[in-house]
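Student: Need a 3D model of the following:
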Amino acid sequence: MPFAPRQIRVSLILLLLCGLSSGADAEVIARKSVSYFDIKGNSADALDAALNAHGPVTMGSSSRHPGATKVRFGGNATYSERNGRCYIADVKITVDTEIILPRWRDRRHASRQLSMIWDTLSADIRRHEDRHAEIAREHARRMEKSILALPPAKDCDALQDKANDVTTQETQLHDEDQARFDKIEAINFQSRIQRLMTYRSQQTGE
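Tutor: Got it, this is the predicted structure:
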């Protein structure tokens, strides 16, 4: 089954809100959900065909994939003015990830060998998508720290522009890291799955 999981990314610009606060504060809120799409098949070829027919379509690609992760960044910040300068007062970054995974409906009719292949493959898909979600959380934390570290500006409009520049840059770095991870995973896919299947076969004695 020659494929490699990919991901979907949706990024939102940070919204800055005017407010008053005596000290800077920050918070990252990460939420993760999992959804499934059903596939059927009693052979490796049939499962491959089902994944190609029913898997999610990722951003920037017309082909389907066995798994995906949707990422959405959002959040807000407040800022305050003191002594003719504008300061970041509070930052709250949100990152929502939805992992989309396949669910095999014909397991009870399949051979033990095919079940082992599926268990190996589905575990690898889940690991891959979990890593996409973790990359998104890492960048949300970096975004929060970078905005919180912004120096005071002459006015709050200028500070808002700087904060939005940070979100734009960080989402770009996020997308690049996600694409880099996908590229490495695709290169190593065949050898990784073979190694995992050999290990699982040794563990089960099959």
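Student: helices or strands up against the longest strand along the chain?
Tutor: If you go by DSSP state E, the chain has its longest strand at strand 85-104. Counting contacts by 3 or more Cβ pairs under 8 Å, 6 or more residues apart in numbering; DSSP states H and E, strand 85-104 is packed against strand 25-39, helix 44-54, strand 68-82, helix 112-148, helix 156-204. C-beta here means a position set from N, CA and C on the backbone, and glycine is covered the same way.
Student: The first one - contacts with which helices or strands?
Tutor: Looking back up the chat, that one is strand 25-39. If contacts are counted by 3+ Cβ pairs under 8 Å, 6+ apart, strand 25-39 sits against helix 44-54, strand 85-104, helix 112-148.
Student: what residues does it touch?
Tutor: Where contact means Cβ atoms under 8 Å, 6 or more residues apart in numbering, the residues beyond strand 25-39 that reach it are 47, 50-51, 54-56, 75, 89-105, 133, 137, 140-141, 144-145, 147-148.
Student: Narrow those residues to those that are buried.
Tutor: 47, 50-51, 55-56, 75, 89-102, 104, 133, 137, 140, 144, 147-148 (16 or more other Cβ atoms under 10 Å).
Student: Comparing the helices and strands packed on strand 85-104, which comes out most buried?
Tutor: For the helices and strands packed on strand 85-104, the largest average neighbour count (mean count of other Cβ atoms under 10 Å) is found in strand 68-82, namely a mean of 21.
Student: residue ranges with poor pLDDT in this structure?
Tutor: Filtered on pLDDT under 70, the chain yields the residue ranges 1-26, 59-62, 196-197, 199-206.
Student: switch to 80 and redo it
Tutor: Applying pLDDT under 80 to the chain flags the ranges 1-27, 58-63, 189-206.
Student: Most remote residue from the middle of it, which is it?
Tutor: Of all residues in the chain, residue 83 has its C-alpha farthest from the mean position, at 41.5 Å, by Cα atoms, centre = their mean.
Student: can you tell me how far it sits from residue 154?
Tutor: Residue 83 is 12 Å from residue 154, where distance means Cβ to Cβ, to the nearest Å.
Student: do residue 189 as well
Tutor: For residue 189, the distance to residue 154 - Cβ to Cβ - is 52 Å.
Student: can you check residue 27 too?
Tutor: Residue 27 is 27 Å from residue 154, by Cβ to Cβ.
Student: Residue 84 too?
Tutor: 8 Å.
Student: cool, and residue 123?
Tutor: From residue 123 across to residue 154, the span is 54 Å (Cβ to Cβ).
Student: which ones are touching the closest residue to residue 63 other than its chain neighbours?
Tutor: What sits nearest to residue 63 in space, not counting adjacent residues and going by Cβ to Cβ, 6 or more residues apart in numbering, is residue 57, at 7.2 Å. Applying Cβ under 8 Å, 6+ apart to residue 57 gives the contacts 63-65.
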